[in-house]
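Chemist: I'll drop the sequence and a predicted model, then ask my questions.
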Amino acid sequence: TDGVTEAMDAEGTLFSDPRLEALLAAHGDATPEGITRAVIDEVRRYSASVPQSDDITALALRYHG
């Protein structure tokens, strides 16, 4: 991801790596599309009252090895 963990709430608190890790763990059984959507949706909820200050890029892959 890029821009996800740097998203801020109204108090200036970053979304953070631990928050992203918890979100990914909670959606671990989802499709890559579902995981990506969950991340983007949560970032939008988290920073709803703050103008976006950076781009947000997310990519999810599923390994079938």
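Modeler: Perfect, I can see it now.

Chemist: hey, let's count contacts and neighbours off CA atoms from now on
Modeler: OK.

Chemist: CA atoms only: put the longest helix along the chain into CSV for me.
Modeler: What stands out as the longest helix in the chain, according to DSSP state H, is helix 32-46. Below are the C-alpha coordinates for helix 32-46, written out as CSV (Å, rounded to 0.1, in the frame of the first residue of the first chain):
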residue,chain,number,x,y,z
PRO,A,32,-8.0,-9.8,-3.2
GLU,A,33,-10.7,-7.5,-4.5
GLY,A,34,-12.5,-7.8,-1.1
ILE,A,35,-9.4,-7.1,0.8
THR,A,36,-8.6,-4.0,-1.3
ARG,A,37,-12.2,-2.7,-1.0
ALA,A,38,-12.1,-3.2,2.8
VAL,A,39,-8.8,-1.3,3.2
ILE,A,40,-10.0,1.6,1.0
ASP,A,41,-13.4,1.7,2.8
GLU,A,42,-11.8,1.7,6.2
VAL,A,43,-9.3,4.5,5.3
ARG,A,44,-12.2,6.6,4.0
ARG,A,45,-14.2,6.0,7.3
TYR,A,46,-11.1,6.7,9.4
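
Chemist: the spatially most central residue of the chain: what's it in contact with?
Modeler: Geometric centre of the chain, nearest residue: residue 39, 3.3 Å, by Cα atoms, centre = their mean. If you count contacts by Cα atoms under 8 Å, 6 or more residues apart in numbering, residue 39 has them with 4, 20, 23-24, 58.

Chemist: all set now, cheers.
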